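Asks: Okay, here's the prediction I keep looking at, along with the sequence it came from:
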Amino acid sequence: MARAAEQRALRTPGFPTAFGVLLRMQLARARRSWRQYLIVSSAMPSGIVILLRAMTADPPRALALQVIAGNVVLSVAITAIAMLAQQVAWMRQNRTFDYYHTLPVGNGAVILAILVAYLLFAVPGMAVVLLVGAMDYGTHVALSVGLVPAVLLTGVALSGIGALIGMQARDGELAGLVGNLVMMAVLFLGIIPQAHLPVAMRVVADLLPSTYGVRLLLLLLSGGASPGAWLIDGGILVLFAAGLFLLVERLSYRIG
Amino acid sequence: MNAYETRGLVKMYASGVMANDGITLQIAQGEIFGVLGPNGAGKSTLVRQMVGLSLPTRGSVRLMGRDVRAHDLRVRRTVGFLSQRPLALMDLRASEAVACTGMLRGLSRRRANDEAHQLLSLLGMEDRVQRLVGTLSGGEHRLVGMATALIGAPPVLVLDEPTNELDPVARARVWDALLARREQGTTIILVTHNVLEAERVVSRVAILAQGRVAAIGTPGELKEALHQLVRIEVAVRDGTVPTALLATGTATRIGERRWRIDVDRKRLPEALGALGRRGAADLDDLRVQSASLEDVYVAYHAGEASYDGTRG
């Protein structure tokens, strides 16, 4: 009888199937909240772009692109850090992870689906910021295929930070507070060119994946990133994304 | 081999609360095993450890002879779990929520969709399949959760309060679905407050109190162990009950014209005789019943009953 029961045990879906189903489940959140994601991820970065443009007469193209790239990354940070941190803390508090932890799918697929979903929620906001920036500064922004992996790596790394805050914070309120503080750091350290920052702030900037994301985006929007830039900035982003993903995945086993 | 076996299971939280205090259970394959107990008795903590969501402080949980801690994936492949609320599914349509769960249990998309519709229809949700789970009522959440536990026909089901917030018709559908699964050899562990209905379906029951097993056995064994009383509930039109009837047991007035008399089984003919002499025309209502599982539950909860722990 035991053997019969074991034979009836369910199959385990492969990683691509599990990830696809889980991503679809996460993206379903946009059915009710897409307006919220669009407004939150585009209003503040677009506002900052417009404000900075109004304060500078004839800004050089390099500065214009720095502002645009910084705010594109900020729009990712808003959903991927601030909103995701609260969401993960809420999921932890309400035992939402119980559902996933009792199905024959790895925690890695669950965590990756959540991170990618929150990155995708930021895409419309990013597009709005790019458009507003290009129009307001009247500058040409180069759109290339390279933007996709750059945004993907930056987004997964920032989502990793958001998820990490959500996993560790005592409750959703604290997660929201810490998430907002980190988002502010991304804002200032992303928009101000690193050479203009005090030394201490440069160290903080080096510890944030957004710095490398902004740098890579800046190069891509200017016309192209060299293989060296991809190797250094892209490589560091890969390390951040992979490291944070693995850390969050390990922590997710401790939930409950 | 047992489906589940717990030995000396202890769960103490960081706050110092002892939720489970040495629980030892054997649950045979193919049985419906009820876990009853008041709020805070440690029922949910017990089942969370059984499905691997929480680690025991001491003791062990074995599923099909294998330690749950060391075989996390095997537990996930073997057990369908119904938790208290399906919060992960709130933004999905009901059929989508169930089908996605089926695909995550290894079913093909087509089979998952078919099974999802069948299960939701079986549970009376056929006109709700396209509704977002978050817009459904509490009882309907329960039914969607139930369908997610059932899809893919896992050989073991662990269900935490499956009939909470359900109307009587929906409850009957859930019990029927569970009985059908038992016929297919599924082992079902059922945590419930709904003692009277659980009595209909469970093969054995454990009553938990203060984190310990207060009693375990079949409903019949527990009732027999409790007492030999038969309960007569009678409503008379003029409110007066024959003193001969009241004298046969312990009588309590429970309404303006309604009495409850707990009579020893040996004196039952005498009690019914006294009632018969009164005449049927004067009776408004009459119920005669032996102790129910609910009486047993209440007695253990109130500390009126004790159990030597040798049974089960």
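Replies: Now that the structure is in, tell me what you want to look at.

Asks: how about low-confidence regions in the chain?
Replies: Here I'm looking at chain A. For chain A, applying pLDDT under 70 flags the ranges A:1-10, A:254-256.

Asks: right idea, wrong chain: chain B
Replies: Answering for chain B: the residues below the bar, that is pLDDT under 70, span B:225-227, B:280, B:301-312.

Asks: For it, which segments count as strands?
Replies: Applying DSSP state E to chain B gives strands spanning B:2-12, B:18-28, B:32-36, B:58-63, B:66-67, B:79-82, B:156-160, B:187-191, B:204-209, B:212-217, B:229-236, B:249-253, B:258-264, B:283-290.

Asks: Now do the first one: which elements does it pack against?
Replies: Helices and strands touching strand B:2-12, by 3 or more CB pairs under 8 Å, 6 or more residues apart in numbering or on different chains; DSSP states H and E, are strand B:18-28, helix B:43-50, strand B:58-63, strand B:187-191. (Glycine included, C-beta is placed from N, CA and C.)

Asks: Residue of chain A closest to chain B, please.
Replies: As assessed by CB to the nearest CB, chain B sits closest to residue A:11 within chain A, at 3.0 Å.

Asks: re the thing from before, quick one: closest of the strands of chain B to residue A:125.
Replies: Between residue A:125 and those, the tightest spacing by CB to CB is seen for strand B:79-82, at 37.0 Å.

Asks: returning to that earlier point: output the helices and strands packed on strand B:2-12 in a markdown table; the columns should cover mean neighbour count and distance to chain A.
Replies: Output for these, formatted as a markdown table (neighbours: other CB atoms under 10 Å in any protein chain shown; distance: least, CB to the nearest CB, whole Å):
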| stretch | mean neighbour count | distance to chain A |
| --- | --- | --- |
| strand B:18-28 | 20 | 9 |
| helix B:43-50 | 24 | 7 |
| strand B:58-63 | 18 | 10 |
| strand B:187-191 | 25 | 7 |
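
Asks: Stretch B:216-232: how far from the chain's middle?
Replies: Put simply, stretch B:216-232 sits 17 Å off its chain's centre (CA atoms, centre = their mean, to the nearest Å).

Asks: Which residues of the stretch 151-300 of chain B lie near chain A?
Replies: B:152-156, B:185, B:187 (CB under 8 Å from any CB of the partner chain).

Asks: who wins for most neighbours among the residues you listed?
Replies: residue B:187 (27 neighbours; other CB atoms under 10 Å in any protein chain shown).

Asks: re the thing from before, go through the residues of the stretch 151-300 of chain B next to chain A and say which is closest to residue A:94.
Replies: Of all these, residue A:94 sits closest to residue B:154, with 23.9 Å by CB to CB.

Asks: Over to that closest one: give its phi and psi.
Replies: phi -60, psi 140 (degrees, to the nearest 10).

Asks: so it touches residue B:75, yeah?
Replies: No. Shown here, residue B:154 and residue B:75 do not form a contact pair, counting by CB atoms under 8 Å, at 10.4 Å.

Asks: okay, and the common contacts of the two?
Replies: Common contacts of residue B:154 and residue B:75 (CB atoms under 8 Å, 6 or more residues apart in numbering or on different chains): none found.

Asks: how about CSV for the helices and strands packed on strand B:2-12, with distance to residue A:248 added?
Replies: Below are the helices and strands packed on strand B:2-12 laid out as CSV (distance: least, CB to CB, whole Å):
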stretch, distance to residue A:248
strand B:18-28, 28
helix B:43-50, 22
strand B:58-63, 27
strand B:187-191, 31
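
Asks: Between those, which one is closest to residue A:33.
Replies: Relative to residue A:33, the nearest member of these by CB to CB is helix B:43-50, separated by 29.8 Å.

Asks: That closest one packs against which elements?
Replies: Going by 3+ CB pairs under 8 Å, 6+ apart, helix B:43-50 lies up against strand B:2-12, strand B:18-28, strand B:32-36, strand B:58-63, strand B:156-160, strand B:187-191.

Asks: about what we covered before: and the residue of chain A closest to chain B, how close does it get to residue B:99?
Replies: Distance, residue A:11 to residue B:99, by CB to CB, to the nearest Å: 16 Å.

Asks: who has more neighbours, the two?
Replies: Shown here are residue A:11 and residue B:99; by other CB under 10 Å, residue B:99 has more neighbours (29 against 11).

Asks: I figured the more buried one was touching residue B:111, is that so?
Replies: No. Contact criterion CB under 8 Å: residue B:99 and residue B:111 do not qualify, at 9.2 Å.

Asks: how many neighbours does residue A:86 have?
Replies: 24.

Asks: mind checking the SS state of the residue nearest to it when sequence neighbours are not counted?
Replies: Excluding the flanking residues, the one nearest residue A:86 by CB to CB, 6 or more residues apart in numbering or on different chains is residue A:176, at 4.5 Å. Secondary structure, DSSP: H, G, I helix; E, B strand; the rest coil: residue A:176 is helix.

Asks: surely residue A:176 meets residue A:85?
Replies: Yes. With contacts counted by CB under 8 Å, residue A:176 reaches residue A:85, the gap being 6.6 Å.

Asks: give me the residue from the stretch 101-250 of chain B nearest chain A.
Replies: Chain A sits closest to residue B:106 of the stretch 101-250 of chain B, with a gap of 3.0 Å, by CB to the nearest CB.

Asks: Now that residue: phi and psi?
Replies: Main-chain torsions, residue B:106, degrees, to the nearest 10: phi 90, psi 10.

Asks: What is the burial count for it?
Replies: Neighbours around residue B:106, by other CB under 10 Å: 21.

Asks: contacting residues around residue 203?
Replies: If you meant another chain, say so; for now it's chain A. Under the criterion of CB under 8 Å, 6+ apart, residue A:203 has no neighbours.

Asks: oops, chain B please
Replies: By CB under 8 Å, 6+ apart, the residues touching residue B:203 are B:31-33, B:218.

Asks: returning to that earlier point: to residue A:80, which of the strands of chain B lies closest?
Replies: Nearest to residue A:80 among these is strand B:79-82; the distance by CB to CB comes to 30.5 Å.

Asks: For residue B:193, see how far away the residue nearest the centre of chain A is.
Replies: Nearest to the mean C-alpha position of chain A, counting by CA atoms, centre = their mean, stands residue A:155 at 3.0 Å. For residue A:155, the distance to residue B:193 equals 46 Å [CB to CB].

Asks: and if you look at residue A:162?
Replies: Between residue A:162 and residue B:193 the distance, using CB to CB, works out to 39 Å.

Asks: Have a look at these two and say which one is more surrounded.
Replies: Shown here are residue A:162 and residue B:193; by other CB under 10 Å, residue A:162 has more neighbours (32 against 15).

Asks: Can you name the residues that contact the more buried one?
Replies: For residue A:162, the contact set (CB under 8 Å, 6+ apart) comprises A:80-85, A:88, A:118, A:179.

Asks: OK, contacts around the residue nearest to it when sequence neighbours are not counted?
Replies: Nearest residue to residue A:162, sequence neighbours excluded (CB to CB, 6+ apart): residue A:84, at 3.4 Å. Applying CB under 8 Å, 6+ apart, we find residue A:84 in contact with A:114-115, A:118, A:159, A:162-163, A:166, A:179.

Asks: Among those, which lie within strands?
Replies: Using DSSP E, none of the contacts of residue A:84 sit in strands.
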